[in-house]
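Asks: Kindly generate the corresponding structure for this input.
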Amino acid sequence: MALVFKRALIVMLAIAASVGPVTAQSEQTQLEQEELYRQLELFGLVLDRIRDEYIEAPDETELIRAAIQGMLTSLDPHSAYLSPESFADVREDTSGTFGGLGIEVTMEEGVVKVVTPYDDSPASRAGILANDYVVEIDGQQVMGMTLDDAVELMRGEVGTDVDVVISRDGAEQLIELTLTRDIISVSAVRWSMERDVPLIRLSRFSGQAYSGLTDAIQEVFEENDGQAPEGIILDLRNNPGGLVDQAQFVADAFLSEGSVVLTRGRIPNQNSRYDASADEIDAMLTDVPIIVLINGGSASAAEIVAGALQDQGRATLVGTRSFGKGSVQSIIPLGFDGAMRLTTARYYTPNNRSIQALGITPDIEVLQDVPEEFQGRDLLIGEAGLAGHISGEAEEEATVGSSVYVPAERSEDNQLQYAIDLILGEAEDPAFPPNPDAIIAQQQTDEAEVTESQ
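Replies: Model prediction:
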């Protein structure tokens with residue numbers, strides 16, 4: 001069956017390629033097509049030999065899915081095949097409620113790497129940190145598993161325990177932990193008053209992000225008897241991203257006009273531009289200074305928001321350089337066979353800056369006092385450190401790490417306390433508050449210099 005299908009596919013491709021006039025370019029295309037057919041023949045040959053001669057009869061569906069997975073993961077770290085089960089998990093995850101341990105993970109060198117633990121989750125309460133490696137789950141070695149298999153092991157019935165073994169750079173021995181699975185209802189937005197300044201923590205861009213932000217802003221005004229606060233701090237540190245449309249809405253909440261994000265891909269329908277529009281929320285915030293906190297764990301959608309507010313001169317960025325994930329992944333459903341996550345475009349800030357593999361540089365760099373046991377292990381190179389990452393086009397790439405450490409005690413959080421000092425006037429910096437007119441003038445100067453040099 002597989003061989004028949006493969007031969008039929010080759011015939012259809014050959015017919016399609018034969019249409020059109022013969023030119024030097026089409027001859028080159030024909031040679032490339034012939035090489036593709038040869039590789040398809042090779043794939044069919046290998047598949048047939050496995051089906052006929054492998055020591056045990058293989059699951060043919062799993063063989064094909066593994067081949068598809070390998071093809072996609074060879075492209076970049078973010079493209080992947082999603083089995084029907086994984087596709088359901090993705091939809092559940094982006095909804096903001098799911099069961100498990102509460103960690104954002106990726107696969108690196110055959111083991112599960114922690115991107116970030118979710119706030120107030122079993123993983124964060126147990127002390128699991130960004131950059132940790134999960135090497136064993138319930139007595140099973142992770143090496144050799146797929147990411148989906150490892151995630152499936154960590155998920156389970158609420159209230160049941162799961163034993164994990166953690167490898168941490170610099171630790172003298174492996175760390176053994178027992179975590180109790182829980183419903184991970186990730187509240188995308190939480191807020192509190194810190195020294196009379198509202199701190200809005202946006203932990204991830206799930207489907208609840210924008211609604212949670214607007215609710216928080218309205219609550220801030222209600223608590224202040226309808227008066228605008230002296231300033232607002234938006235905390236995007238260790239926010240791994242999520243839904244791009246939620247990032248657009250969140251940035252729009254602080255902007256009344258101008259572009260938020262641009263995307264460009266190989267084909268025209270992957271090129272887009274999202275513009276902010278005036279609404280009730282940004283009208284409330286017109287005269288309210290905004291500070292955005294970022295660090296090495298602020299990625300993807302978090303970088304869209306930070307970059308938009310920085311380029312528009314609407315907010316001052318405080319902290320350390322962000323992760324540098326500037327690519328767009330499209331989830332393409334495949335019917336009953338799940339879906340594929342495919343990198344289809346790069347995204348750019350309003351000033352046409354590609355964030356890919358470089359990240360967003362804060363206006364004011366503020367470092368944390370990292371405890372001795374975490375020093376060095378708190379640094380994350382980010383996207384540029386991932387094997388097979390997409391280049392940042394003409395931009396340079398990050399070569400040194402950016403800290404992801406945030407103290408549990410807010411009184412010890414240098415970045416947060418400095419931001420509060422700026423808003424209360426207890427500290428001064430030319431970057432706060434930002435001057436949109438000066439920023440636009442500098443942008444025009446930079447563009448003129450580039451044009452002149454060309």
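Asks: When you work out contacts or count neighbours from here on, use the C-alpha atoms and nothing else.
Replies: Noted.
Asks: Run a quick neighbour tally on the closest residue to residue 174 other than its chain neighbours.
Replies: Nearest residue to residue 174, sequence neighbours excluded (C-alpha to C-alpha, 6 or more residues apart in numbering): residue 167, at 5.2 Å. Residues contacting residue 167 under the criterion other C-alpha atoms under 10 Å number 20.
Asks: quick one: residue 167 and residue 316, what's the gap?
Replies: 36 Å (C-alpha to C-alpha, to the nearest Å).
Asks: For the residue nearest to residue 174, what are phi and psi?
Replies: Dihedral pair for residue 167: phi -110, psi 130, per degrees, to the nearest 10.
Asks: Which strand residues bridge it?
Replies: Beta-bridge partners for residue 167, by DSSP bridges, are residue 133.
Asks: Does it touch residue 132 like I think?
Replies: Yes. In this structure residue 167 lies within contact range of residue 132 using C-alpha atoms under 8 Å: 6.0 Å.
Asks: buried set for the lengthiest helix in the chain?
Replies: Longest helix in the chain, counting residues (DSSP state H): helix 24-53. Residues of helix 24-53 classed as buried by neighbour count (16 or more other C-alpha atoms under 10 Å): 30, 33, 34, 37, 40, 41, 44, 47, 50, 51.
Asks: distance of the third one from residue 399?
Replies: When C-alpha to C-alpha is applied, the distance between residue 34 and residue 399 equals 40 Å.
Asks: same check, this time on the fifth one
Replies: Residue 40 sits 39 Å away from residue 399, taking C-alpha to C-alpha as the criterion.
Asks: And the fourth one, by the same measure?
Replies: Summarising the geometry, the distance separating residue 37 from residue 399, computed by C-alpha to C-alpha, is 40 Å.
Asks: which strands and helices sit next to the longest helix of the chain?
Replies: Using 3 or more C-alpha pairs under 8 Å, 6 or more residues apart in numbering; DSSP states H and E as the contact test, the elements touching helix 24-53 are helix 2-17.
Asks: sec struct for residue 89, please.
Replies: With DSSP: H, G, I helix; E, B strand; the rest coil as the basis, residue 89 sits in helix.
Asks: So what's the predicted local confidence for it?
Replies: Per-residue pLDDT puts residue 89 at 73.
Asks: sec struct for the closest residue to residue 326 other than its chain neighbours, please.
Replies: Nearest residue to residue 326 in three dimensions, chain neighbours excluded: residue 356, at 4.0 Å (C-alpha to C-alpha, 6+ apart). Following three-state DSSP, we place residue 356 in the coil state.
Asks: burial count for residue 356?
Replies: Per other C-alpha under 10 Å, the neighbour tally for residue 356 reads 28.
Asks: Could you pull up the residues touching the residue lying closest to residue 281 once chain neighbours are set aside?
Replies: Sequence neighbours aside, residue 253 is the residue nearest to residue 281 in space, at 5.8 Å (criterion: C-alpha to C-alpha, 6+ apart). Listed by C-alpha atoms under 8 Å, 6 or more residues apart in numbering, the contact partners of residue 253 are 214, 279, 281, 282.
Asks: ok, now which ones touch the closest residue to the second one other than its chain neighbours?
Replies: Leaving aside its sequence neighbours, residue 279 sits nearest to residue 256 (C-alpha to C-alpha, 6+ apart; 6.9 Å). Each residue near residue 256 by C-alpha under 8 Å, 6+ apart is listed here: 276, 277, 278, 279, 282, 283.
Asks: if I look at residue 256, how far off is residue 275?
Replies: Between residue 256 and residue 275 the computed distance is 9 Å (C-alpha to C-alpha).
Asks: Residue 350 too?
Replies: Distance from residue 350 to residue 275, by C-alpha to C-alpha: 9 Å.
Asks: between these two, who's got more neighbours?
Replies: Between residue 350 and residue 275, counted using other C-alpha under 10 Å, residue 350 has the larger neighbour count: 22 against 17.
Asks: so that one makes contact with residue 313?
Replies: No. Checked against C-alpha under 8 Å, the pair residue 350 and residue 313 is beyond contact range at 10.9 Å.
Asks: mean confidence score for stretch 389-399?
Replies: For stretch 389-399, mean pLDDT is 79.
Asks: ok, and what's touching it?
Replies: Applying C-alpha under 8 Å, 6+ apart, the set of residues contacting stretch 389-399 is 76-77, 354-359, 381-385.
Asks: Would you mind listing which of those residues are buried?
Replies: So, by 16+ other C-alpha under 10 Å, the buried ones in the contacts of stretch 389-399 are 77, 354, 355, 356, 357, 358, 359, 381, 382, 383, 384, 385.
Asks: Of those, which is the nearest to residue 195?
Replies: Taking C-alpha to C-alpha as the measure, residue 195 lies nearest residue 359 of the buried ones among the contacts of stretch 389-399, at 30.4 Å.
Asks: nearest residue to the closest one other than its sequence neighbours?
Replies: Per C-alpha to C-alpha, 6+ apart, closest to residue 359 is residue 324, 3.5 Å.
Asks: Pull the contacting residues for residue 418.
Replies: Residues near residue 418 by C-alpha under 8 Å, 6+ apart: 366, 427.
Asks: Angles on the backbone of it, please.
Replies: Per-residue torsions, residue 418: phi -70, psi -40 (degrees, to the nearest 10).
Asks: Likewise for residue 198?
Replies: Main-chain dihedrals, residue 198, degrees, to the nearest 10: phi -70, psi 130.
Asks: And for residue 112?
Replies: phi -80, psi 120.
Asks: returning to what we had before: between which two of the buried ones among the contacts of stretch 389-399 is the distance greatest?
Replies: Across these (C-alpha to C-alpha), the longest gap, 17.8 Å, separates 77 and 354.
Asks: Show me which of the contacts of residue 256 are buried.
Replies: Among the contacts of residue 256, the ones that count as buried by 16+ other C-alpha under 10 Å are 276, 282.
Asks: now, which of the contacts of residue 256 lie within helices?
Replies: Those of the contacts of residue 256 lying in helices (DSSP H): 282, 283.
Asks: Does residue 137 touch residue 161 like I think?
Replies: No. Between residue 137 and residue 161 no contact is recorded; they are 10.9 Å apart, counting by C-alpha under 8 Å.
Asks: Comparing the two, which residue is more hemmed in?
Replies: Applying other C-alpha under 10 Å to residue 137 and residue 161 shows that residue 137 carries more neighbours, namely 19 against 16.
Asks: Next, the contact list for that one, please.
Replies: By C-alpha under 8 Å, 6+ apart, the neighbours of residue 137 are 150, 153, 154, 162, 163, 164, 165.
Asks: can you do 6 Å?
Replies: By C-alpha atoms under 6 Å, 6 or more residues apart in numbering, the residues touching residue 137 are 163, 164.
Asks: what about dumping the CA coordinates of the host helix or strand of residue 61 to PDB?
Replies: Element membership for residue 61 (DSSP states H and E) is helix 60-73. Below are the C-alpha coordinates for helix 60-73, written out as PDB (Å, rounded to 0.1, in the frame of the first residue of the first chain):
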ATOM      1  CA  GLU A  60       3.000   1.600  10.000                       C
ATOM      2  CA  THR A  61       1.100   4.600  11.100                       C
ATOM      3  CA  GLU A  62       3.700   5.400  13.700                       C
ATOM      4  CA  LEU A  63       6.500   4.900  11.100                       C
ATOM      5  CA  ILE A  64       5.000   7.500   8.800                       C
ATOM      6  CA  ARG A  65       4.300   9.900  11.700                       C
ATOM      7  CA  ALA A  66       7.900   9.500  12.900                       C
ATOM      8  CA  ALA A  67       9.200  10.200   9.300                       C
ATOM      9  CA  ILE A  68       7.000  13.400   9.200                       C
ATOM     10  CA  GLN A  69       8.200  14.400  12.600                       C
ATOM     11  CA  GLY A  70      11.800  14.000  11.600                       C
ATOM     12  CA  MET A  71      11.200  16.000   8.400                       C
ATOM     13  CA  LEU A  72       9.700  18.900  10.300                       C
ATOM     14  CA  THR A  73      12.100  19.000  13.200                       C
END
